[in-house]
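A.B. asks: sequence-free structure coming up:
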Ligand code: AMP
């Protein structure tokens with residue numbers, strides 16, 4: 001299947017507490033995941049009798065009023081923040097998605113992207129299921145609702161997982177039971193934490209920290225976690241095991257918070273190690289090294305530290321200031337708007353830069369808009385030389401797995417060499433990081449990472465694209481595989 005419909009690039013949470021309403025802890029943890037989605041936010045709770053929900057467009061702080069939180073009764077619930085898709089704002093795709101059906105109520109929050117949602121949607125529609133959005137999440141919800149009519153909770157989830165193909169980290173609420181599910185390749189993150197009076201599932205551990213909780217561990221690829229409705233514990237079911245994982249390296253490079261721990265690594269440490277590797281692979285002598293704030297910061301500090309250890313006389317400085325009130329430039333619909341937004345967002349400090357040779361560190365180049373503007377801005381305020389160093393390999397192909405990037409044609413590296421890109425952005429030199437350095441910093445083998453956007457070979461079966469593995473296609477038609 002080619003990708004269709006909106007992509008889900010999001011943050012998910014779920015909590016189960018002992019005798020305390022879940023709404024506020026969910027709200028705080030969504031705040032901690034705001035960077036994962038700014039288009040809409042939502043919470044669904046269950047009070048033992050019925051489900052309550054509130055979903056609205058905008059940032060978490062805008063989507064919920066005090067009264068909305070008061071209305072979300074119950075000590076269990078799930079939440080979601082959704083990432084904006086370029087140009088379109090569509091409230092029918094806001095989440096959590098909730099449905100009531102014969103055997104109960106269901107709420108679902110999804111981070112990731114299915115590559116066979118269309119096939120399952122067609123099949124379910126032929127069986128009489130009516131869909132209200134064109135998102136993947138509703139497909140999962142209907143499939144699960146259908147399986148729950150015939151099977152217990154764990155078997156029903158297993159059947160649905162055997163049919164869906166792609167990346168998904170889910171928090172699900174079935175009546176008053178909260179579940180967490182991670183796809184068998186573990187593409188998107190999901191972890192579990194404990195707090196004083198219960199348990200939390202979240203895309204990132206920063207959402208557990210904010211509740212003064214402790215990270216218990218990552219949810220394993222192919223694992224289902226079932227929280228006890230009274231917050232007293234959780235059960236784990238390893239429903240699918242694959243020989244290889246497909247963890248998204250870009251979560252560590254760009255998407256996740258530096259203070260989160262994902263798949264055993266602190267994102268901040270990974271970024272610093274990537275910065276150190278960048279110096280080792282392509283260090284260049286210059287007077288000043290500076291990050292593109294905020295995403296380049298940890299990389300630049302690692303780079304500068306490694307350079308200084310090697311005796312390079314380079315000074316670390318914050319020569320670019322960021323206006324924090326300007327949103328992500330990346331999602332602006334037109335190139336002109338994106339260029340203006342970079343100028344609004346980043347301002348160089350002339351005194352730090354003038355007359356100096358400068359190395360600028362950013363985490364990634366996507367379209368090349370930011371780098372082109374930055375080199376120009378720094379030269380305008382008197383930089384002698386501007387060297388760009390990038391903490392990721394060139395992004396040569398789109399992401400189908402849930403990160404909003406750009407189309408292949410828009411990606412500057414899709415048809416250019418590093419040298420050509422360097423010329424286009426008018427940098428005195430440009431270097432990216434190698435894929436091996438990324439695997440090294442993540443302490444994972446290349447084979448266990450999703451590297452689709454930097455190799456053009458994906459861990460999932462995507463029509464028209466190459467795959468880097470024997471893909472275990474799920475069963476779509478006929479009998480679901482044996483349940484145990
Ligand atoms: P560009 O200006 O198109 O080359 O985009 C590169 C800048 O966007 C870098 O500063 C990155 O930190 C940031 N970036 C990278 N990936 C994404 C993404 N998926 N969404 C939003 N911003 C991104």
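C.D. replies: Perfect, I can see it now. Since the model is a prediction, treat every value here as computed from it, not as a measurement. Numbers count the residues shown, from 1 in each chain.
A.B. asks: now for the helix or strand of the chain with the lowest mean pLDDT, which elements pack on it?
C.D. replies: The weakest-scoring helix or strand in the chain, judged by mean pLDDT, DSSP states H and E, is helix 335-345 (a mean of 80). Secondary structure elements in contact with helix 335-345, counted by 3 or more Cβ pairs under 8 Å, 6 or more residues apart in numbering; DSSP states H and E, are helix 369-380. Glycine gets a C-beta too; all of them are placed from N, C-alpha and C.
A.B. asks: picking up where we left off before, can you list the buried residues in the least confident helix or strand of the chain?
C.D. replies: Buried residues in helix 335-345, counted by 16 or more other Cβ atoms under 10 Å: 338, 339, 341, 342, 345.
A.B. asks: again with stretch 422-441
C.D. replies: For stretch 422-441, burial by neighbour count (16+ other Cβ under 10 Å) applies to 422, 425, 427-433, 435, 437-441.
A.B. asks: out of the buried residues of helix 335-345, which is nearest to residue 451?
C.D. replies: Proximity of the buried residues of helix 335-345 to residue 451 (Cβ to Cβ) peaks at residue 338, which lies at 26.1 Å.
A.B. asks: quick revisit: could you check whether the least confident helix or strand of the chain is close to the ligand?
C.D. replies: No - counting by Cβ under 6 Å from any ligand atom, the ligand is not contacted by helix 335-345; separation bottoms out at 6.9 Å.
A.B. asks: what's next to the very next helix or strand once past that helix, contact-wise?
C.D. replies: Next helix or strand after helix 335-345 toward the C-terminus (DSSP states H and E): strand 346-348. Residues outside strand 346-348 that contact it (Cβ atoms under 8 Å, 6 or more residues apart in numbering): 292-293, 319-323, 370, 373-374, 377-378, 380-381.
A.B. asks: of these, just the buried ones, ChimeraX syntax please.
C.D. replies: Selection of the buried residues among the contacts of strand 346-348 in ChimeraX, burial being defined by 16+ other Cβ under 10 Å:
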select :292,293,319,320,370,373,374,377,378
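A.B. asks: contacting residues around residue 439?
C.D. replies: Residue 439 is in contact with 249, 445, 446, 449, counting by Cβ under 8 Å, 6+ apart.
A.B. asks: quick one: mean pLDDT for the longest helix anywhere in the chain?
C.D. replies: Looking across the chain with DSSP state H, the single longest helix is helix 267-282. For helix 267-282, the mean pLDDT works out to 98.
A.B. asks: by contact count, what packs against that helix?
C.D. replies: Other helices and strands packing on helix 267-282, by 3+ Cβ pairs under 8 Å, 6+ apart, are helix 297-309, strand 385-390, strand 429-432, helix 435-442.
A.B. asks: just the pLDDT at the residue in the stretch 51-200 of the chain that the ligand sits nearest to, thanks.
C.D. replies: Closest residue of the stretch 51-200 of the chain to the ligand, Cβ to the nearest ligand atom: residue 83 (8.1 Å). Each residue has a pLDDT score; the one for residue 83 is 82.
A.B. asks: residues contacting the residue lying farthest from the centre of the chain?
C.D. replies: The C-alpha centroid of the chain is most remote from residue 355, which lies 39.3 Å away (Cα atoms, centre = their mean). Contacts for residue 355 were tallied using Cβ under 8 Å, 6+ apart; they are 382, 384.
A.B. asks: quick revisit: need the max-distance pair from the buried residues of stretch 422-441.
C.D. replies: The most widely separated members of the buried residues of stretch 422-441, counting by Cβ to Cβ, are 428 and 439 (29.1 Å).
A.B. asks: quick one, longest strand in the protein?
C.D. replies: strand 104-114 (DSSP state E).
A.B. asks: what residues go with each domain of the chain?
C.D. replies: With domains defined by automatic domain parsing, the chain comprises 10-244, 270-443.
A.B. asks: in CSV: the ones you listed, plus distance to residue 262.
C.D. replies: Output for the domains of the chain, formatted as CSV (distance: least, Cβ to Cβ, whole Å):
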stretch, distance to residue 262
domain 10-244, 5
domain 270-443, 8
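A.B. asks: got the residues of the stretch 351-484 of the chain near the ligand?
C.D. replies: 362-371, 403-405.
A.B. asks: save these as TSV, and put in pLDDT too.
C.D. replies: TSV is the format used below for these (pLDDT from 0 to 100):
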residue	pLDDT
362	97
363	97
364	97
365	96
366	94
367	93
368	95
369	91
370	92
371	95
403	84
404	78
405	78
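A.B. asks: which of those lies closest to residue 156?
C.D. replies: Scanning these for proximity to residue 156, where the rule is Cβ to Cβ, the winner is residue 403, at 29.2 Å.
A.B. asks: surely the closest one meets residue 255?
C.D. replies: Yes - using Cβ atoms under 8 Å, residue 403 is in contact with residue 255, at 6.2 Å.
A.B. asks: between those two, which contacts overlap?
C.D. replies: The contact sets of residue 403 and residue 255 overlap at residue 248 (Cβ under 8 Å, 6+ apart).
A.B. asks: the ligand contacts on the stretch 151-300 of the chain?
C.D. replies: 254, 292, 295.
A.B. asks: which among the residues you listed gets closest to the ligand?
C.D. replies: Nearest to the ligand among those: residue 295, at 3.8 Å, using Cβ to the nearest ligand atom.
A.B. asks: ok, that closest one - contacts?
C.D. replies: 254, 362, 363, 364.
A.B. asks: just residue 431 next, same as before
C.D. replies: For residue 431, the contact set (Cβ under 8 Å, 6+ apart) comprises 278, 281, 282, 284, 388, 389, 390, 418.
A.B. asks: which of the residues you listed are buried?
C.D. replies: Buried members of these, counted by 16+ other Cβ under 10 Å: 278, 282, 284, 388, 389, 390, 418.
A.B. asks: which stretch among the helices and strands packed on helix 267-282 comes nearest residue 181?
C.D. replies: Ranking the helices and strands packed on helix 267-282 by proximity to residue 181 (Cβ to Cβ) places helix 435-442 first, at 23.0 Å.
A.B. asks: immediately after the closest one, which helix or strand?
C.D. replies: strand 449-450.
A.B. asks: where's that following strand relative to the chain centroid, distance-wise?
C.D. replies: On the basis of Cα atoms, centre = their mean, to the nearest Å, strand 449-450 sits 14 Å off its chain's mean C-alpha point.
A.B. asks: which strands or helices does it pack on?
C.D. replies: Secondary structure elements in contact with strand 449-450, counted by 3+ Cβ pairs under 8 Å, 6+ apart, are strand 247-248, helix 435-442.
A.B. asks: in JSON lines: those, plus mean pLDDT.
C.D. replies: Below are the helices and strands packed on strand 449-450 laid out as JSON lines (pLDDT from 0 to 100):
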{"stretch": "strand 247-248", "mean pLDDT": "97"}
{"stretch": "helix 435-442", "mean pLDDT": "97"}
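A.B. asks: switch the ones you listed over to a markdown table; also include distance to residue 126.
C.D. replies: Putting those into a markdown table (distance: least, Cβ to Cβ, whole Å) gives the following:
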| stretch | distance to residue 126 |
| --- | --- |
| strand 247-248 | 33 |
| helix 435-442 | 43 |
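A.B. asks: my read: residue 199 touches residue 192, true?
C.D. replies: Yes - between residue 199 and residue 192 there is a contact at 6.4 Å, judged by Cβ under 8 Å.
A.B. asks: quickly list what's touching both of these two.
C.D. replies: The contact sets of residue 199 and residue 192 overlap at 216, 234 (Cβ under 8 Å, 6+ apart).
A.B. asks: can you name the residue of the stretch 101-250 of the chain nearest the ligand?
C.D. replies: Counting by Cβ to the nearest ligand atom, the stretch 101-250 of the chain gets nearest the ligand through residue 250, at 7.4 Å.
A.B. asks: before I go, just wanted to say thanks for your time.
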